[in-house]
Each structure stands twice: as structure tokens, then as C-alpha cells.
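Enquirer: A structural model of the following input is requested.
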Amino acid sequence: MTEENELMARRREKLEALHARGLTPFGAAFATSGSIGEVREKFVEGEVLRAAGRMTAHRDMGKSHFVDLKDSTGRIQVYIQAKEVGQEAMETFGLLDLGDFIGVEGSCFLTKTGEPTLKVSKLEVLAKSLRPLPEKWHGLQDVEARYRQRYLDLLTNDESRAVFEKRIRIVREMRRFLEERGFLEVETPMLQAVAGGATAEPFRTHHNALGLDLSLRIAPELYLKRLLVGGFTKVFELNRNFRNEGISRRHNPEFTMLEAYWAYADFEQMADLVEELICHLAETLEGRAPSRPADSGTGLRPSLQIEHRAPDGAVTRTINLARPWRRARYRELIREIDPNWFEYSSEKRRERCAELGVEINPRMADYEVTQQVFEKLVEEKTFDPLFVTHCPKELVPLAKQNPDDDSLVDVYELIINGQEISPGYSELNDPVTQRMRLLEQAGEETQKLDEEFLLALEHGMPPAGGIGIGIDRLTMLLTGAESIRDVILFPLLKPRRD
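Expert: Numbers count the residues shown, from 1 in each chain. You can find the predicted model right below:
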């Protein structure tokens, strides 16, 4: 029998012993004085308080015991001795292990070292842990186990917990930021007859009662634009999207996006909004007011310097979010790679790709070849914020054409840390041009056209600006995480093979 199996066997023996004493090892509700963090805030010597949490440390002093109780808000020490709780409770305590949940009532006192402590007068067993927790100082060493058993990762890795607490704050603050500017939060369908608003392979399902094939949404865009037609002027949705595509350190098939639309605005105004929002989030996460002046000598605010680190803690790069952010046209950036790129023939561009070390597929169209160069030599090598504007219309079928060059669309693509963080458009509101663009995108698969969306557009949609922000990637940026799986509580994994 392995050591872990022996430990589990002993815990089950203790479980049976608790039952034999007439106790319920998986207890009922326990009224507390608040979370452990709140108990610490209320701590006054001599005050009687109640706390509940998981036992994470135990120091046996013979006739007395010091135990750490912990929850998501913090830790508090409790002191247990027979004189205070009675012999029966001490015998019950002897059947407990690290990882068990208990509830206590006790008076507040400070130890000789000044540690806030509850002297326990009452103790209740709330839940018996049948498996030992990972050793605190080493945590989960297996990276996949951290993702598969996230609950253990959160219990033993304070840095991991801090990342997810920051993610929660990011989402909460985004809502507040947009609502203060007059945006209304809405909800749109996840099950869609036509998965539109992006180019991606959807997950497909079937509704039995209606006999209807449906897809999980790949984007909420076409429904949010219907709301602009219906008279809403500022809307946003924090939504879950699903794309049946590959998994990598920057991609998960299920991910979270913010999409927002602003009637009578354009892509330039949306870029301003996103720049302000992300800088606001960075400063808020650091507990600094956005109006805080720059540090003397550097001219930079520390909260706008995001450090990304290797597993050994060494800084791999520092991303500077200080405003204003650079804006450059797509073609200008390609010309920085090769000044003559747009004068080359199709064959010459493919030759240059080989010289530049950019892999391409022979079936790629010319604009796809150029985009491959952009992704490999511009996007992946850009770390400080860059708004790439005026992209080829083939890349963005839902954006408004540029009035001076109809081969381009009025859009931005925000790149930070070598990846797209946010696209923004001057939205196409011409139903005739929109139908033509969608037909070009669909090719012969005309059933992919969302006729309901086109019908809505024919009733008239105001000019508008729209944005998307990938919450997972934004969290990676603001926390320094190097993998999307480090910012998603339960990323998709292959089934475990025992």
C-alpha cells in the first residue's frame, strides 16, 4: 500500500470514529462573525468571535494546540486546550487532520509574539477531508495537475489565487468603467442558428424539440448590432464564446470576451476608450488612482510598467503602458519589414517569405500571405501597445470601408505582448455592402448567411464604433501570466488516462 493510501485509510478510520461518537463529520451551517479576514478586522482582546475555515497548520504543545484556520480572505490562529473546551471536545479534536473544516467560538487574545489568536471555548467539525492536501511549501509540482485539480492549486499556491482574484477585479472594474460612461450591459443568445460575427469553426449541437441544428456562438456581434437598430446607443456584453479550434498557450476553445458598441462613434473613438480602459485597469489593480502623477525622475508610473517573469522569477520583459500609445497603418508596418513589399508580384512576395523565414501555404491568397508576414514579424515581435489601423478589407468583413481607399477598412487591431488584445471597428452599416461581403466570405455556403441580421440592417443601423477585448489575454497581460491556462480556472484538458 502506498503512503498516500495509508494516510487515506487512517483518515477513513477517523471518520468512522467520529460517526461512532455520534458526531456528523460533514456538519450543518455554522454562524460566524464573518469571513476570517473580517474576524481579524473585528479582533479586540477579550471579544468573543466565531470563525470557520480549513485547518492548514497544527502545532502540538502537549496539552494545548495552536491551529491555523484559513479561508479565501486570510488566516487566523486558534488555541485549543482541554481546560477551555472539555475532554470530550479534545478527543474529537484528536480525530481531525490538516485539511478538515472546523468552526470555533473563542475569546480574542494576543500571544507573546503579538499574534491575534482565538482561545477556543466551542468547537464543531464541519467537514472531514478524506485525502491529504499537497505539502504547503511545494504545492502541486505537476503543471497539468495544477490545471486539472485547480482547487488544490488555489489552496497551496498564493500566487495562483492572486491571479484569479485580479481577474475578478478586472471584470468587475470593466463593468463599472463602462456603466459610468453610459453603456448598458445586455445578454444575447449562446445558441445560434448561424454562428456569425467572426471567422471560426463553431461547436455544433441539435435541439430535439424543434428538430433544429444549432451552434454555440463564436461571437455576439450580430445580435448586439440588432440592438443598435432597436435604438440602444451604448451596449456591452461580457460573454462566453466557443470556437472549435486548436489549444495553445494563447488559445482555449471556450473563452471570455467583452464586446461593446457605441452609436455615432468610430474606430478612433473606440481606440481612445480602450486605451483609457486598460490603463485604468492597470492602475486600479495596483491600488493607485488613475490621476496619480508620474514618479519623479522616470516620468513613468510604476503601475503602467507590467513585468513578465520566467518560472525562476527573472524578468523576461517589461511592458510599458504609458500613454499615448503608438498608432500605425497596416501597410506602413509591412513596409518597415520590406519597403517594396506592395510593389512585388505575387510570386516575388512568396520568395520574400522564404527569405524572411515566414512559412506560408501555397494555397494562400495574396492578402493571406501578407497577413502571415504581419503576424510573424510584426505582431509576435511587438510588446508595448500598438494600434494597427486601416487593414485590408478582406480581413475584416464587418467593418466600414475607408472613404479614401476602398481596399481598406477603418479598423484598429491592438497588439500588446506579441498578441492581439482588442480589435475595434467603424462598423459597416450599409446592408447592400454587408451582404456582398458576407457572400464573399461564405463562398458557395450561402446557408451561412445570417438573413435575420441582414433583415435588421435593412431597417437602418446608425454609424457606430465597436470593440472586442479578450478577457483571458488581457488578464495574462496585466498579471504577467505566460499561459492562458494560468488565467482560466478550469481550462479544457484531455481526459486523464490512469
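Enquirer: May I have the phi/psi pair for residue 261?
Expert: Here is the backbone geometry of residue 261 (degrees, to the nearest 10): phi -130, psi 140.
Enquirer: Count the neighbours of it for me.
Expert: By the measure other CB atoms under 10 Å, the count of residues near residue 261 is 27. The way it works is simple: take the backbone N, C-alpha and C, and place the C-beta from them, glycine included.
Enquirer: Can you tell me how far the residue nearest to it when sequence neighbours are not counted is from residue 305?
Expert: Spatial nearest neighbour of residue 261, excluding adjacent residues (CB to CB, 6 or more residues apart in numbering): residue 466 at 4.6 Å. Applying CB to CB, to the nearest Å, the value for residue 466 to residue 305 is 30 Å.
Enquirer: on that earlier part again, okay, and the beta partners of the residue nearest to residue 261?
Expert: The partner list for residue 466 in beta bridges (DSSP bridges) reads residue 261, residue 425.
Enquirer: can you pull the contacts of it?
Expert: By CB atoms under 8 Å, 6 or more residues apart in numbering, residue 466 lies in contact with 221, 224-225, 259-262, 270, 424-425, 427.
Enquirer: ok, now residue 469?
Expert: Residues in contact with residue 469 (CB under 8 Å, 6+ apart) are 174, 257-258, 274, 277, 421-422.
Enquirer: Now with 10 Å, please.
Expert: Taking CB atoms under 10 Å, 6 or more residues apart in numbering, we find residue 469 in contact with 174, 236, 238, 256-260, 274, 277-278, 414, 421-424.
Enquirer: Among those residues, which one has the most neighbours?
Expert: Result: residue 424 is most packed of those (other CB under 10 Å), 29 neighbours.
Enquirer: how much space between that one and residue 224?
Expert: Per CB to CB, residue 424 is found 14 Å from residue 224.
Enquirer: how about the contacts of residue 466 in JSON lines, adding distance to residue 352 and pLDDT?
Expert: Shown next, in JSON lines, are the contacts of residue 466 (distance: CB to CB, whole Å; pLDDT from 0 to 100):
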{"residue": "221", "distance to residue 352": "35", "pLDDT": "95"}
{"residue": "224", "distance to residue 352": "40", "pLDDT": "97"}
{"residue": "225", "distance to residue 352": "39", "pLDDT": "97"}
{"residue": "259", "distance to residue 352": "36", "pLDDT": "98"}
{"residue": "260", "distance to residue 352": "38", "pLDDT": "98"}
{"residue": "261", "distance to residue 352": "39", "pLDDT": "98"}
{"residue": "262", "distance to residue 352": "40", "pLDDT": "98"}
{"residue": "270", "distance to residue 352": "33", "pLDDT": "98"}
{"residue": "424", "distance to residue 352": "30", "pLDDT": "97"}
{"residue": "425", "distance to residue 352": "30", "pLDDT": "97"}
{"residue": "427", "distance to residue 352": "34", "pLDDT": "96"}
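Enquirer: okay, the residues you listed in TSV with distance to residue 370 next?
Expert: Shown next, in TSV, are the contacts of residue 466 (distance: CB to CB, whole Å):
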residue	distance to residue 370
221	25
224	30
225	28
259	27
260	29
261	29
262	30
270	24
424	21
425	20
427	24
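Enquirer: Going by distance to residue 95, which of those residues wins?
Expert: Of all the contacts of residue 466, residue 259 has the smallest distance to residue 95: 53.4 Å, by CB to CB.
Enquirer: ok, the closest one - contacts?
Expert: Residue 259 touches 188, 197, 219-221, 223-225, 235-239, 241, 423, 466-469, counting by CB under 10 Å, 6+ apart.
Enquirer: before we move on, what SS does it have?
Expert: Three-state call for residue 259 (DSSP: H, G, I helix; E, B strand; the rest coil): strand.
Enquirer: and what of residue 332?
Expert: Secondary structure, three-state DSSP: residue 332 is helix.
Enquirer: Contact partners for the nearest residue to residue 485 once chain neighbours are set aside?
Expert: Leaving aside its sequence neighbours, residue 485 sits nearest to residue 491 (CB to CB, 6+ apart; 4.2 Å). Going by CB under 10 Å, 6+ apart, residue 491 touches 147-148, 150, 247, 252-255, 472, 483-485.
Enquirer: Just give me the closest of those residues to residue 497.
Expert: Comparing these against residue 497 with CB to CB places residue 148 closest, at 11.8 Å.
Enquirer: just checking, that closest one touches residue 497?
Expert: No - contact criterion CB atoms under 10 Å: residue 148 and residue 497 do not qualify, at 11.8 Å.
Enquirer: Please say which of the two ends up with more neighbours.
Expert: The neighbour count for residue 148 versus residue 497, taken as other CB under 10 Å, is higher for residue 148 (17 against 4).
Enquirer: which non-adjacent residue is nearest that one?
Expert: With sequence-adjacent residues excluded and distances taken as CB to CB, 6+ apart, residue 148 is closest to residue 493, at 5.8 Å.
Enquirer: What degree of burial does that neighbour show, as a neighbour count?
Expert: When neighbours are counted by other CB under 10 Å, residue 493 registers 11.
Enquirer: residues in contact with it?
Expert: Counting by CB under 10 Å, 6+ apart, residue 493 touches 144, 147-148, 247, 485.
Enquirer: element containing residue 388, please.
Expert: Under the criterion of DSSP states H and E, residue 388 resides in strand 386-392.
Enquirer: Output that strand as PDB - backbone C-alpha positions only.
Expert: Only the C-alpha atoms of strand 386-392 are listed here, as PDB (Å, rounded to 0.1, in the frame of the first residue of the first chain):
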ATOM      1  CA  LEU A 386       0.400  49.400 -30.800                       C
ATOM      2  CA  PHE A 387      -2.800  50.200 -32.600                       C
ATOM      3  CA  VAL A 388      -2.500  48.800 -36.100                       C
ATOM      4  CA  THR A 389      -5.000  50.700 -38.300                       C
ATOM      5  CA  HIS A 390      -6.500  50.600 -41.800                       C
ATOM      6  CA  CYS A 391      -6.300  46.900 -42.500                       C
ATOM      7  CA  PRO A 392      -7.200  45.200 -45.900                       C
END
